[in-house]
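1. Fold the following for me, if possible:
(chains A and B)
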2 protein chains.
Amino acid sequence: MTSKAIFYHAGCPVCVAAEQNLARALDPGRYQVEVVHLGEQKHRLAEAEAAGVKSVPALVLDGAAFHINFGADLAALK
Amino acid sequence: MTSKAIFYHAGCPVCVAAEQNLARALDPGRYQVEVVHLGEQKHRLAEAEAAGVKSVPALVLDGAAFHINFGADLAALK
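-> Okay, here's the model as predicted:
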């Protein structure tokens, strides 16, 4: 059974590199990765904040938020 | 053929969470993860800096450095 990993980003260069390298490096046997562009899907900002996301890119894995290489603050996307 | 991923840390709580969740979530079929404690293996600080690491925890994957949840600046380990 796979668990869900959510990769939140906003399309910035830092985000794209983190997605193409890190998010895609997760074990597909254990994780199903959903990619969410918060610049385009603003209705999911609250969900990201509730998961502990403060900046993008961020990967939420097993309920924990991992901020990667500081791309942009979530406040900048509101 | 697997490629090497190196997880640099310094034993701080942020580091341990990132290691146990993120570093261990990589696909073992594609990545072999080496864990390096820079507080104990100071001789590998230069190697980490050369790979682009500025703070720990950080994961170096396919030649790119991904800083995770800012734990400590590399300068603090010197």
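
2. which non-adjacent residue is nearest whichever residue of chain A sits closest to chain B?
-> Closest residue of chain A to chain B, C-beta to the nearest C-beta: residue A:27 (4.3 Å). For glycine as for every other residue, the C-beta is placed from the backbone atoms N, C-alpha and C. Counting by C-beta to C-beta, 6 or more residues apart in numbering or on different chains, residue B:27 is the residue found nearest to residue A:27 once chain neighbours are left out, at 4.3 Å.

3. tell me the contacts of residue A:69?
-> Contacts for residue A:69 (C-beta atoms under 8 Å, 6 or more residues apart in numbering or on different chains) come out as A:14, A:17-18, A:57, B:65-67.

4. Out of those residues, which sit inside helices?
-> Among the contacts of residue A:69, the members falling in helices are A:14, A:17-18 (criterion: DSSP state H).

5. can you narrow these to ones near chain B?
-> A:17-18 (C-beta under 8 Å from any C-beta of the partner chain).

6. okay if I get the ones in helices among the contacts of residue A:69 as a markdown table plus distance to residue B:4?
-> Formatted as a markdown table, the ones in helices among the contacts of residue A:69 follow (distance: C-beta to C-beta, whole Å):
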| residue | distance to residue B:4 |
| --- | --- |
| A:14 | 23 |
| A:17 | 18 |
| A:18 | 19 |
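
7. helices and strands of chain A: which one bottoms out on pLDDT?
-> Every helix and strand of chain A was ranked by mean pLDDT, DSSP states H and E. The lowest is helix A:13-21, at a mean of 85.

8. Any chance you could list what contacts it?
-> So helix A:13-21 is contacted by A:7, A:9, A:35, A:56-57, A:59, A:68-71, B:61-62, B:64, B:66 (C-beta under 8 Å, 6+ apart).

9. Mind checking which of those residues are buried?
-> With burial judged by 16 or more other C-beta atoms under 10 Å in any protein chain shown, the buried subset of the contacts of helix A:13-21 is A:7, A:9, A:56-57, A:59, A:68-69, A:71, B:61, B:66.
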